[in-house]
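Chemist: Starting from these lines, generate the structure:
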Amino acid sequence: MRQVKFNPDKDVLWSAGDIVNRGPKSLKTLRWFHERRDNIKMVLGNHDLHLLAVAAGARRPSRSDTLRKILAAKDRQTLIDWLLRQPLVYQEHDHTLVHAGIPPQWSVGEAAGFAREVEAALTGPQCLDFLHDMYGNEPIVWSDDLTGTTRLRVITNYLTRMRYCSKKGKLDLVSKGTKPDSQALKSAGINKVSAWFSQPKRKSAHDKILFGHWASLEGRTDTPNAIGLDTGCVWGGHLSLYALETGEWVRCRCKNGRCKD
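Modeler: Numbering: from 1, shown residues only. Okay, the predicted model is just below:
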């Protein structure tokens, strides 16, 4: 932010989510975002949703979580209420922001519409039921016939957890590296997958999509319309900022989740 001389009078920061649980200071980071909420556009990531589930009592914390200080904070409810109101898809300036990606069978407009179903659940009486049922890899593919929290789970898995999928959108939610895990494919009964953004016939191929989630890519997608923002800061890589107006990248090297430049 200092490198680009961020000016709150005119500048807006977009975030692809996972603002908690991916570094050593989750509470400080969440407060930073909330305090600057008038200058922030963000989408929810899978770790942000995990925090919401833990805070609601729908899920036990994992051993690796860094959420304890948030859950014990005096302003916990203010922060949680703000997070609950954040979208899963954000569109502006001919760009679409999403945490993980958009499956090949959806257009960006369809993805935004399905995202609104999850957003409505998070802010409505269905919230606790959804957070209870949010976890799981099944079903592995979308169907218009899906209903209830099962439907919401599949939407959430596509938008916040997806990396690899088949040309018809069957999800491999196990593989995380730069190559699919053959055992994971066999277990899921899927013959072939590739990165969601490399599917040649995906509906969103001509749309500019900004996404995070996939640190092992280090931002490399080999397609100009899929802009990978996660360059592995938490693993000792870089923290990256992309300027929408110019396409310029600004990066700082990281160690233990902290910038060194």
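Chemist: where exactly do the strands run in this structure?
Modeler: Using DSSP state E, the strands found in the chain span residues 13-15, 40-42, 89-92, 95-98, 164-165, 171-172, 194-195, 208-211, 226-228, 238-242, 249-255, 258-259.
Chemist: Run through the residues that contact residue 75.
Modeler: Contact partners of residue 75, counting by Cβ atoms under 8 Å, 6 or more residues apart in numbering, are residue 31. C-beta: built from backbone N, CA, C; applies to glycine.
Chemist: same thing but 10 Å
Modeler: Listed by Cβ atoms under 10 Å, 6 or more residues apart in numbering, the contact partners of residue 75 are 27, 30-31, 34, 82.
Chemist: any chance of those residues in a markdown table, with pLDDT and neighbour count too?
Modeler: A markdown table is the format used below for the contacts of residue 75 (pLDDT from 0 to 100; neighbours: other Cβ atoms under 10 Å):
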| residue | pLDDT | neighbour count |
| --- | --- | --- |
| 27 | 97 | 19 |
| 30 | 98 | 25 |
| 31 | 98 | 16 |
| 34 | 98 | 16 |
| 82 | 98 | 15 |
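Chemist: Among these, give me the pair with the biggest separation.
Modeler: Farthest-apart pair in the contacts of residue 75 is 27 and 82; separation 13.5 Å (Cβ to Cβ).
Chemist: looking at the strands of the chain, which is buried most?
Modeler: strand 164-165 (a mean of 26; mean count of other Cβ atoms under 10 Å).
Chemist: residues making contact with it?
Modeler: By Cβ under 10 Å, 6+ apart, the list of residues contacting strand 164-165 reads 101, 103-105, 140-141, 158, 170-177, 179-181, 184-185, 190, 192-196, 198-199, 202, 214.
Chemist: Mind checking the strands of the chain for the one nearest to residue 3?
Modeler: So among the strands of the chain, strand 249-255 is nearest, using Cβ to Cβ, at 5.2 Å.
Chemist: and the angle from that closest one to strand 238-242?
Modeler: Angle of strand 249-255 versus strand 238-242, following axes from the mean of the first three to the mean of the last three Cα atoms, to 10 degrees, is 160 degrees.
Chemist: From the chain's centroid, how far away is strand 249-255?
Modeler: On the basis of Cα atoms, centre = their mean, to the nearest Å, strand 249-255 sits 20 Å off its chain's mean C-alpha point.
Chemist: Can you name every helix or strand that that strand contacts?
Modeler: When contacts are defined as 3 or more Cβ pairs under 10 Å, 6 or more residues apart in numbering; DSSP states H and E, strand 249-255 packs onto strand 238-242, strand 258-259.
Chemist: For that strand, list the C-alpha coordinates in PDB.
Modeler: Provided in PDB are the C-alpha atoms of strand 249-255 (Å, rounded to 0.1, in the frame of the first residue of the first chain):
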ATOM      1  CA  TRP A 249       1.900  -5.500 -10.800                       C
ATOM      2  CA  VAL A 250       3.500  -4.300  -7.500                       C
ATOM      3  CA  ARG A 251       4.900  -7.000  -5.300                       C
ATOM      4  CA  CYS A 252       6.800  -7.300  -2.000                       C
ATOM      5  CA  ARG A 253       8.700 -10.400  -0.800                       C
ATOM      6  CA  CYS A 254       7.300 -12.100   2.300                       C
ATOM      7  CA  LYS A 255       8.600 -14.100   5.200                       C
END
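Chemist: Can you list the strands that it pairs with?
Modeler: strand 238-242 (antiparallel), strand 258-259 (antiparallel) (DSSP bridges).
Chemist: List of residues touching the first one?
Modeler: The set of residues that contact strand 238-242 without belonging to it, under Cβ under 10 Å, 6+ apart, is 1, 3-4, 6, 13-14, 16, 23, 95, 210, 212, 218-219, 227-233, 248-254, 257-261.
Chemist: Alright, that wraps it up for me.
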